[in-house]
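Novice: What follows is a predicted structure for the sequence shown.
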Amino acid sequence: MNSEEMIQKIQELKQVKQDLLAQIRKTIVGQDKVIEKVLIGLFANGHMLIEGVPGLAKTLLISTIAKALNLSFGRIQFTPDLMPSDITGSDILVTAKDSDRREFQYIKGPIFANLILADEINRTPPKTQAALLQAMQEYQVSSGNTTRPLDLPFIVMATQNPIEQEGTYPLPEAQLDRFMLYINIDYPSYEEELTIVQSTTGAAGEEPIPMLSAEKILQYQAAIRTMPVSSHILEYAVKLARSTRPGTPESKPEITKWINWGAGPRASQYLVLAAKARAALDGRLTPAEEDIRAVALPVLT
């Protein structure tokens, strides 16, 4: 993508953001900061971990965004008995239509979609979590001796409940490191909750209209990737990530005293990518320090 195409796409994104927000707000009341972070993650092509107590519309938010973006949507309800093949799919023995010959046929799992809701991801054993990790890391899944590529864009939005800890399997650091953003959903305000009750206890509301396509989103993601970044912004992001590591020149004594491990180099990458996406969604052609600061908490948490 050349610079002229990049500039055109970035200028389009500001209006695209407004159009998407208008569609999402047909279903979702409030949660403006959460929606902004989700859009940043989507256009930065980053996986997201969403945490909140039950009943805060985490699932509804993700499915609504998938409709507005016109992306295929797959939901995986993680349970203790979930197997890797329940995610990736499996080969089953079928009888051919034109003969009595039997052959193996691959049935795709729910992972073959653009936007994946991994609901209550910490309720399934590590073996099953590892199947999702491969998909998040390599954008492909393995079944038997065959490796199959996933549809692009491919973004995992995982949820977990902070209240219930019994019967859960904490995510390993390797998997947590694959999530670009940690997003916490809090309770709505009084006015927002009143609006939610009014709109959900009457007639069915208006469905969001699909605004984009997978191809369009890939173009916008490519434009964000090619955005120029000033050297001082890169230095700011790297120093910020390094300041979380005990024993580094950038860290404070409190970090060395209380923290065992800080953010890795991937955090520096995520800071820059998320800052690029935030700037692009505002129609700006390069990120500023303000963008780094705005995405620092969800990236570094």
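Specialist: It's in.

Novice: domain assignment for the protein?
Specialist: The record's domain parsing of the chain by automatic domain parsing lists 3-225, 227-301.

Novice: Mean neighbour count and mean pLDDT added to those domains, as CSV?
Specialist: (Each C-beta comes from the backbone N, C-alpha and C, glycine too.) Listed next are these as CSV, based on neighbours: other C-beta atoms under 10 Å; pLDDT from 0 to 100:
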stretch, mean neighbour count, mean pLDDT
domain 3-225, 17, 87
domain 227-301, 17, 92
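
Novice: So which elements touch the longest helix along the chain?
Specialist: Ranked by residue count and defined by DSSP state H, the top helix of the chain is helix 3-24. If you count contacts as 3 or more C-beta pairs under 8 Å, 6 or more residues apart in numbering; DSSP states H and E, helix 3-24 packs onto helix 32-43, helix 58-69, helix 214-225, helix 265-281.

Novice: Next, the angle helix 265-281 makes with it.
Specialist: If you take axes from the mean of the first three to the mean of the last three C-alpha atoms, to 10 degrees, helix 3-24 sits at 80 degrees to helix 265-281.

Novice: Just the angle for helix 3-24 relative to helix 58-69, thanks.
Specialist: Put simply, helix 3-24 runs at 130 degrees to helix 58-69, going by the same axes, to 10 degrees.

Novice: Tell me how far helix 3-24 lies from the chain's centre.
Specialist: From the chain centre to the centre of helix 3-24 is a distance of 19 Å (C-alpha atoms, centre = their mean, to the nearest Å).

Novice: relative orientation of that helix and helix 214-225 in degrees?
Specialist: Helix 3-24 and helix 214-225 are oriented at 120 degrees to each other (the same axes, to 10 degrees).

Novice: tell me which element residue 204 is part of?
Specialist: Here residue 204, judged by DSSP states H and E, is contained in no helix and no strand.

Novice: Turn the helices and strands packed on helix 3-24 into TSV, columns for distance to residue 26.
Specialist: Converted to TSV, the helices and strands packed on helix 3-24 look like this (distance: least, C-beta to C-beta, whole Å):
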stretch	distance to residue 26
helix 32-43	12
helix 58-69	8
helix 214-225	20
helix 265-281	20
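
Novice: before we move on, the earlier item: residues making contact with the longest helix of the chain?
Specialist: Residues outside helix 3-24 that contact it (C-beta atoms under 8 Å, 6 or more residues apart in numbering): 1, 35, 39, 43, 61, 64-65, 67-69, 208-209, 211-212, 219-220, 222-224, 226-227, 280-285.

Novice: ok, residue 146 touching residue 89?
Specialist: No - Residue 146 lies out of contact with residue 89 (C-beta atoms under 8 Å); the separation is 10.5 Å.

Novice: shared neighbours of the two, which are they?
Specialist: Both residue 146 and residue 89 are in contact with residue 106, where contact means C-beta under 8 Å, 6+ apart.
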